[in-house]
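Visitor: Got a predicted model here, sequence first, then my questions.
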Amino acid sequence: MNEQERVRVATGQQPNHRPRPRDALVKAPVGRPHQQQQRQRGTRGSNNDSVTASTSSSRSREKKDNSADKSKETLPMASFSELFSFFETRTNKLLFALGCFAGVLNGLVYPILAYLFSNSFSDLGGAADGMASIRNVAFQFLVVGAYAFAVATVQTSCLEVAASRATLNFRKRWFAALLRQDCAFFDLHDVSGLA
């Protein structure tokens, strides 16, 4: 039996018909009706079992390749408007903006400290009266420390409250979207992973 006849027998084609398209091979029904058709045609012999097994293994390889291609496809990134859509109220948007502004002010602490350190070493090195310049440098560092504490507190508290409110809003929308699905959706997907 040549290669074309093996393929014809494995795919269930009649002798004088055109071969089925490749997509039809992948989508061929598997199960009892397919097995009954094979029994009626008499293709359950020992020689044809290896051909059927090789055809089914090639089908499974094609399915695995198709699923691998689908998993390699990347989803588009969310836009900024989609990302910030979870800040529904003005209060949440204001808290987020205030937290970002406080973060910028908190980042200014390090350049201020670098400037103070450079000046403090020159002031302490050339100090004639001793304690007055040390007291002045200590007072400057105390003010910068109080400023850093206040700005970092505002930044952390505003961003944390805004994030917790946005997360709660996201969870509500996600759960509402799950409730809108058909029953068949939960048969196909892992329910515990979605909740």
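Guide: Great, that's in hand.

Visitor: Which parts of this protein are helices?
Guide: Counting by DSSP state H, the chain has helices at residues 3-11, 22-26, 32-41, 46-72, 80-83, 90-107, 109-125, 131-179, 183-188, 191-194.

Visitor: mean pLDDT lowest for which of those helices?
Guide: In terms of average pLDDT, helix 22-26 trails the rest of these, at a mean of 45.

Visitor: Next, the contact list for Leu95, please.
Guide: The contact partners of Leu95, taken as C-beta atoms under 8 Å, 6 or more residues apart in numbering, are Cys158, Leu159, Val161, Ala162, Arg165. (Glycine included, C-beta is placed from N, CA and C.)

Visitor: Just to check, Asp123 is in contact with Ser133?
Guide: Yes. Using C-beta atoms under 8 Å, Asp123 is in contact with Ser133, at 4.9 Å.

Visitor: quick one on the thing from earlier: highest neighbour count among the contacts of Leu95?
Guide: When neighbours are counted by other C-beta atoms under 10 Å, Ala162 leads the contacts of Leu95 with 22 neighbours.

Visitor: is it true that that one touches Gly99?
Guide: Yes. In terms of C-beta under 8 Å, Ala162 counts as a neighbour of Gly99; the distance is 6.2 Å.

Visitor: Would you indicate which residues of stretch 149-156 are buried?
Guide: Val151, Val154, Gln155 (16 or more other C-beta atoms under 10 Å).

Visitor: so what's the backbone phi/psi at Asp182?
Guide: phi -70, psi 170 (degrees, to the nearest 10).

Visitor: Quick one: residues contacting it.
Guide: For Asp182, the contact set (C-beta under 8 Å, 6+ apart) is empty.

Visitor: Need the pLDDT of it.
Guide: For Asp182, pLDDT reads 86.

Visitor: so how far is Leu75 from it?
Guide: Computed as C-beta to C-beta, to the nearest Å, the Asp182 to Leu75 distance reads 22 Å.

Visitor: which residue packs closest to Asn106, ignoring adjacent ones?
Guide: In this structure, Asn106 finds its nearest non-sequential neighbour in Val151, 4.6 Å apart by C-beta to C-beta, 6 or more residues apart in numbering.

Visitor: contacting residues for that neighbour?
Guide: Neighbours of Val151 in contact, by C-beta under 8 Å, 6+ apart: Ala102, Leu105, Asn106, Val109.

Visitor: hmm, 10 Å instead?
Guide: Phe101, Ala102, Gly103, Val104, Leu105, Asn106, Gly107, Leu108, Val109 (C-beta atoms under 10 Å, 6 or more residues apart in numbering).
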